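> Task: produce atomic coordinates for the following.
(one chain, ligands or ions: 1)
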Amino acid sequence: MSAVRSKICGITCIDDALAAVAAGADAIGFVFYAKSPRAVSAQQARAIIAALPPFVTTVGLFVNAGACELNETLDAVPLDLLQFHGDETPEQCEGYHRPYIKALRVKAGDDIAGACKAYAGASGILLDAYVEGVPGGTGQAFDWSLIPQGLSKPIILAGGLTPGNVADAIAQVRPYAVDVSGGVEKSKGIKDHDRIRAFMRAVRATN
Ligand SMILES: O=C(O)c1ccccc1NCC(=O)[C@H](O)[C@H](O)COP(=O)(O)O
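Okay, here's the model as predicted:
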């Protein structure tokens, strides 16, 4: 099995971004969703990305953003990958002609295999916890046994991951990548660099 990749999401400052990269994160995520305490402006994200060394994937996260708002962000911010975390249809996701991942908030009975087929153009599918009324960044894990084997897309596992449970999550799910936000924070939007390092050590120990 190839090494599991990692994304640290909800990055709001240069120091946290550099700490994530130094710890070995493959990608960092920026939340462009105003209702989140982790939300950043295009200017903030641009400044953080300008401070990054090469070979770090930058991910822009949107929740049902309008085309105008999303295109303005794309014009201002050098994003490598889009993450659609709302109810965006496959057609809407495809409409930006950029690599993207689609997030699914998982609850019992969801047809995850069908969703992987529906979002045929996605680079990957991010599986996150379903919490009524909260689109993401919940800090809640979901029942990983709900994830079927043999899905047609690379799976990014998210939702309540921490330095303490990520190894078990990888052993059980064998995802392409893991994604974390709250589990490596001091407070919403402020990352704890020791927890980032502990999380990345735990991921590397499975590789
Ligand atoms: O992080 C947020 O605040 C957020 C808000 C609205 C939609 C999505 C959001 N985050 C998406 C992510 O990719 C998070 O990393 C993912 O939901 C996992 O979060 P956590 O459970 O805190 O690790």
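
> buried ones in the lengthiest helix in the chain?
Using DSSP state H to define each element, the chain has its longest helix at helix 193-204. For helix 193-204, a neighbour-count test (16 or more other Cβ atoms under 10 Å) marks His193, Arg195, Ile196, Arg197, Ala198, Phe199, Met200, Ala202, Val203 as buried. In this view, the C-beta of every residue, glycine as well, is placed from N, C-alpha and C.

> The residue nearest the centre of the chain and Gln83, how far apart?
Computing the C-alpha centroid of the chain and ranking residues by Cα atoms, centre = their mean puts Asp179 first, at 4.9 Å. Using Cβ to Cβ, to the nearest Å, we find Asp179 at a distance of 9 Å from Gln83.

> Just the element for the spatially closest residue to Thr206 that is not a sequence neighbour, please.
Closest residue to Thr206 apart from its sequence neighbours, by Cβ to Cβ, 6 or more residues apart in numbering: Ile170 at 4.5 Å. Assessed by DSSP states H and E, Ile170 sits inside helix 166-173.

> Export only the CA atoms of that helix, formatted as CSV.
C-alpha atoms of helix 166-173 as CSV (Å, rounded to 0.1, in the frame of the first residue of the first chain):
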residue,chain,number,x,y,z
VAL,A,166,-5.6,8.4,13.0
ALA,A,167,-3.6,5.2,13.0
ASP,A,168,-6.7,3.2,13.8
ALA,A,169,-8.6,5.1,11.1
ILE,A,170,-5.9,4.3,8.5
ALA,A,171,-5.7,0.6,9.6
GLN,A,172,-9.5,0.2,9.3
VAL,A,173,-10.2,2.3,6.2
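
> Is it positioned near the ligand?
No. Judged by Cβ under 6 Å from any ligand atom, helix 166-173 and the ligand are separated, with a smallest distance of 10.1 Å.

> and that helix, what other elements does it pack with?
Judged by 3 or more Cβ pairs under 8 Å, 6 or more residues apart in numbering; DSSP states H and E, helix 166-173 is in contact with strand 155-157, strand 177-180, helix 193-204.
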